[in-house]
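Q: Prediction below, plus the sequence it came from.
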2 protein chains.
Amino acid sequence: MNEDQLDLVFGALADRTRRAILARLAETDANVGDLTALFTMSQPAVSKHLKVLEQAGLISRNRQGTMRLSHLQAEPLKDATGWLADYRTYWSESYDRLDQLFESLNETKLNETSEE
Amino acid sequence: MNEDQLDLVFGALADRTRRAILARLAETDANVGDLTALFTMSQPAVSKHLKVLEQAGLISRNRQGTMRLSHLQAEPLKDATGWLADYRTYWSESYDRLDQLFESLNETKLNETSEE
DNA sequence: GGCATCCATAACCCTGTGGTTATCTATAAC
DNA sequence: GTTATAGATAACCACAGGGTTATGGATGCC
């Protein structure tokens, strides 16, 4: 992942509305009306956020009749995590066990995947 | 970590100059002059970036004589990683082995820590 | 075709951001 | 106290970002 992509992804994540949209799309795909109903802002505002997310590669969109469904594309989040993980050795100052976070993450993941 | 903090941290990371500053500080602490020398921009511009990083909790600063040393504070990166990790199940579409990334990360980490 | 619905786009406003130059403050050295 | 150096602050500029309202375009239905 290059610097331009990191700019776009971190920039997209730097807004709580867009993070909330991603959280919603983690449940199911949604159209613009669904997403607008989650917030107190106008539909064009939500459309703008969706454009930012799309340009960051965090969602894809396809027409479904008169609607456009947004679908979560989480791969850039993986890449961003990879970038952040380069600094994990510097978290160590406050952790005896560096693996603590990743271990707990993997445990949670196993639980989740076993539900699928 | 609350939404305000995530705004600040992801916002701070959304600029390649600031990411480069963090990468530099991962090596050693540095003063403003050191950091300014890395870029083609002016010293006040770098000072602004440092203020953004400081407000995000990503660096701390303390006087050392006439200089002010910046020091990497990586804990917010850990929290941001934790947030991103909530989406790791959605990376699975393109990976047979979900653990792949985290395993490779942990292996690298072990190598690094063994060098300390 | 005509109409309704879903959404995008345009135009605008205000504020924030990333940069500049100029200047001020703080510390150290003499 | 004077001077030099490190860095912060102020004032400014251009433009991006997040919001609005108004309007236009695409699709489905009658």
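A: Sure thing, it's come through.
Q: Tell me who's in contact with the residue nearest the centre of chain A.
A: Centroid-nearest residue in chain A: A:Leu22, 4.9 Å away (criterion: Cα atoms, centre = their mean). Going by Cβ atoms under 8 Å, 6 or more residues apart in numbering or on different chains, A:Leu22 touches A:53, A:58-59, A:72, B:87. C-beta coordinates here come from the backbone N, C-alpha and C atoms, glycine included.
Q: same question, A:Gln43
A: Contacts of A:Gln43 (Cβ under 8 Å, 6+ apart): A:32-33, A:36.
Q: Counting neighbours, which of those residues end up buried?
A: A:32, A:36 (16 or more other Cβ atoms under 10 Å in any protein chain shown).
Q: Output the contacts of A:Gln43 in a markdown table; the columns should cover pLDDT, distance to B:Ala12 and secondary structure.
A: What follows is these, written out as a markdown table (pLDDT from 0 to 100; distance: Cβ to Cβ, whole Å; DSSP: H, G, I helix; E, B strand; the rest coil):
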| residue | pLDDT | distance to B:Ala12 | secondary structure |
| --- | --- | --- | --- |
| A:Val32 | 97 | 30 | helix |
| A:Gly33 | 96 | 34 | helix |
| A:Thr36 | 97 | 29 | helix |
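Q: restrict the contacts of A:Gln43 to those near DNA strand C?
A: The residues of the contacts of A:Gln43 that also fall near DNA strand C, by Cβ under 7 Å from any atom of the strand, are A:32-33.
Q: which phi and psi does the closest residue to A:Ala26 other than its chain neighbours have?
A: Nearest residue to A:Ala26 in three dimensions, chain neighbours excluded: A:Leu72, at 5.7 Å (Cβ to Cβ, 6 or more residues apart in numbering or on different chains). When quoted as degrees, to the nearest 10, the phi and psi of A:Leu72 stand at phi -60, psi 130.
Q: Which of the contacts of A:Leu22 fall in strands?
A: Residues from the contacts of A:Leu22 lying in strands, with DSSP state E as the criterion: A:59, A:72.
Q: Show me which residues of chain A sit near DNA strand C.
A: So chain A meets DNA strand C at A:31-34, A:43-44, A:47-48, A:50-51, A:61, A:66-68 (Cβ under 7 Å from any atom of the strand).
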